[in-house]
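Colleague: Below is the sequence, then the predicted model.
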Protein chains: 2
Amino acid sequence: MLPDDSHSPIAVFDSGLGGLTVARAIRQALPHESIVYFGDTARLPYGSKSAPTVLRFARQCLRFLMQLQPKLLVVACNTVSATALETLADEFPVPVLGVLQPGARAAVTLARSIAPGGPCRIGLIATEATIASNAYPTAIAHMDHRVHVVGRPCPLLVPLIEEGRSADSPIVRAVLEDYLASFTGLNITAMILGCTHYPIFASAIADVLGPRTQLVDAARQTALEAHGVLDGLRQLRPPGKRGKFTCYVTDQGLRFERLASLFLGHEIGQPTAVAAEMLEAAMVEQA
Amino acid sequence: MLPDDSHSPIAVFDSGLGGLTVARAIRQALPHESIVYFGDTARLPYGSKSAPTVLRFARQCLRFLMQLQPKLLVVACNTVSATALETLADEFPVPVLGVLQPGARAAVTLARSIAPGGPCRIGLIATEATIASNAYPTAIAHMDHRVHVVGRPCPLLVPLIEEGRSADSPIVRAVLEDYLASFTGLNITAMILGCTHYPIFASAIADVLGPRTQLVDAARQTALEAHGVLDGLRQLRPPGKRGKFTCYVTDQGLRFERLASLFLGHEIGQPTAVAAEMLEAAMVEQA
């Protein structure tokens, strides 16, 4: 009989605080589970960096999280999910769930519900690294080869959200219209928001795209799949009191409080700071 | 008699590639000098991160550069110059020159040439960390207490430049008008571009500000002061063939080539990659 890990936490990792949108969905789906969140805020963003650097940083963060003995590692960062997930999943002794496969599955299901049979097109907006990886089109082609993915990197959306601009500001609107013009006339049935920041602008994105394109809720699908994985392993925590939420970051930065409550939907206590050089040093020792 | 260090290189450090605008000015002023450039491209940007994290990262990079035995360390990053320069200057056995004091001096000189005597106002656009540090107003108050500084963080300008948008794009224009509206009616005589990226948008910034505000060329002043420091120490390299230019980065990223030629004004060879964990590990050993 396996040891009972049901009281262990779910670990959620992101390059920054955007992954709190995924933590929030997990918390809604699994309110009894404890969550430890880790944001590599000292080295963010990952989305403009090379795949080897992204893998190295992500590995360090997951090794740190493993010390907290989680029963499941959720990689809430699209860039890491797109460029490094298979490698990471092979290296750790607990299940590793990314956001890309759930997002892709939700998109294909949604597109198929709107346009059953026949070919159809899904849109993807994401970081430069995620688009360059081609991971979403590859994953979706495996699920349904008649679904074609049209992608567009949108590097300004994260800085706009992090600056605190609201979705109805004229500059946000102009940037969205500029990026989303790539999809005009392509009959996009479903749009993947391939970065955990983007749901903050969901209503404005939906508005620019018009009523014929549905947005995919990848965070919710990821939470459902986390539920499924833990259920399959008989590691769901029994109902009782609400699980704890603990947050670790590598830099408390200037924006922590504003962004944390924006993404999580409620206030958050002071996070624990972890020095990035301790993560890096641990890597060299283990090398 | 001191050892002859005149053939040693000048080391130029930045969080990324923006500091190449400063390296370019040094190369124009001192064509015989060899330059080693270091961009911490794996961990950029620094401008949205906390002062302790910026100091830690900068210290690691400068320790790396010291292994190349430079005769002068130029901190081309405004955020590091604003938040960490005094501490760093105390730690290294060679002169450490930032961009803030030269930029402030150039601004005060320019403002005084336009409005001799009496009070006057200088504008400052920069990263959030540089504005929050209050380092420019403090430095300028020491130079001339009748000069008042009005600052504005402009976090979208770096991502806009890094995305490759040109200064005449409507979105760039709208963002500049939004940020620079803070200065309307304030009679700003001189504007400090307090981030090494911003000179790329210089003509558009000048256009939005109008002819009554002059832009400060901090890179050129930094190059002149580097010249002065080396002259004072009798460490200028004797005229002869053109100095070498060598580039180190912590991540070659997706944007290296485009940005390097944009900032430096000409093509650049492949840089040498330095793994960030080697920088971090060296720190832990020395701690």
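Modeller: Done, it's in. Residues are numbered from 1 along each chain as shown, chains lettered A, B, ... in the order given.

Colleague: My understanding was that A:Ala190 contacts A:Ala115; is that so?
Modeller: No - using C-beta atoms under 8 Å as the test, A:Ala190 is too far from A:Ala115 to be in contact (9.2 Å). Where you see a C-beta, it was placed from the backbone N, CA and C, and this is true even at glycine.

Colleague: More neighbours: which of those two?
Modeller: Neighbours per residue, other C-beta atoms under 10 Å in any protein chain shown: of A:Ala190 and A:Ala115, the larger number sits with A:Ala190, 24 against 16.

Colleague: who does the helix or strand containing the more buried one touch, helix- and strand-wise?
Modeller: Using DSSP states H and E, the element containing A:Ala190 is strand A:188-194. Here strand A:188-194 touches helix A:100-114, strand A:120-126, helix A:202-209, strand A:214-216, helix A:218-232, going by 3 or more C-beta pairs under 8 Å, 6 or more residues apart in numbering or on different chains; DSSP states H and E.

Colleague: I'd like the average pLDDT over the fourth one.
Modeller: Here the mean pLDDT over strand A:214-216 is 96, rounded to a whole number.

Colleague: That one pairs with which strands, and in what direction?
Modeller: Partners of strand A:214-216 in the sheet, by DSSP bridges, are strand A:188-194 (parallel).

Colleague: Dump the strand it pairs with to PDB, keeping only the CA atoms.
Modeller: Extracted in PDB, the C-alpha atoms of strand A:188-194 (Å, rounded to 0.1, in the frame of the first residue of the first chain):
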ATOM      1  CA  ILE A 188     -11.600  31.400 -35.400                       C
ATOM      2  CA  THR A 189     -14.100  29.400 -33.300                       C
ATOM      3  CA  ALA A 190     -12.000  29.300 -30.100                       C
ATOM      4  CA  MET A 191      -9.200  31.400 -28.800                       C
ATOM      5  CA  ILE A 192      -6.600  30.100 -26.400                       C
ATOM      6  CA  LEU A 193      -5.300  32.700 -23.900                       C
ATOM      7  CA  GLY A 194      -1.900  31.100 -23.800                       C
END
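
Colleague: Report the angle between that strand and helix A:100-114.
Modeller: Calculated by axes from the mean of the first three to the mean of the last three C-alpha atoms, to 10 degrees, strand A:188-194 forms an angle of 160 degrees with helix A:100-114.

Colleague: before we move on, which element is whichever residue of chain A sits closest to chain B in?
Modeller: As assessed by C-beta to the nearest C-beta, chain B sits closest to A:Glu280 within chain A, at 3.2 Å. Element membership for A:Glu280, per DSSP H and E: helix A:276-286.

Colleague: A:Asp90 now?
Modeller: Going by DSSP H and E, A:Asp90 is in helix A:85-91.

Colleague: for the residue sitting nearest the centre point of chain A, phi and psi?
Modeller: Relative to the mean C-alpha position of chain A, the nearest C-alpha, by C-alpha atoms, centre = their mean, is the one of A:Ala76, at 3.2 Å. Backbone dihedrals for A:Ala76, given as degrees, to the nearest 10, come out at phi -80, psi 0.

Colleague: could you list every residue that touches it?
Modeller: Counting by C-beta atoms under 8 Å, 6 or more residues apart in numbering or on different chains, A:Ala76 touches A:12-14, A:18-19, A:21-23, A:99, A:196, A:222.

Colleague: quick one: contacts of stretch A:261-270?
Modeller: The contact list for stretch A:261-270 (C-beta under 8 Å, 6+ apart) reads A:17-21, A:23-24, A:161, A:196-197, A:200, A:245, A:247, A:252, A:257, A:260.

Colleague: how about a cut-off of 7 Å?
Modeller: Under the criterion C-beta atoms under 7 Å, 6 or more residues apart in numbering or on different chains, residues A:17-18, A:20-21, A:23-24, A:200, A:247, A:260 lie in contact with stretch A:261-270.

Colleague: I'd like the distance between the closest residue to A:Leu279 other than its chain neighbours and B:Val12.
Modeller: Among residues not flanking A:Leu279 along the chain, A:Gln60 sits closest, at 4.0 Å (C-beta to C-beta, 6 or more residues apart in numbering or on different chains). From A:Gln60 over to B:Val12 the distance is 28 Å, taken as C-beta to C-beta, to the nearest Å.

Colleague: In which helix or strand does A:Val80 reside?
Modeller: Using DSSP H and E, A:Val80 falls in helix A:78-83.

Colleague: And the buried ones among the contacts of A:Ala76, selectable in PyMOL?
Modeller: Buried members of the contacts of A:Ala76, defined by 16 or more other C-beta atoms under 10 Å in any protein chain shown, are picked up in PyMOL with:
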select buried, chain A and resi 12+13+14+18+19+21+22+23+99+196+222
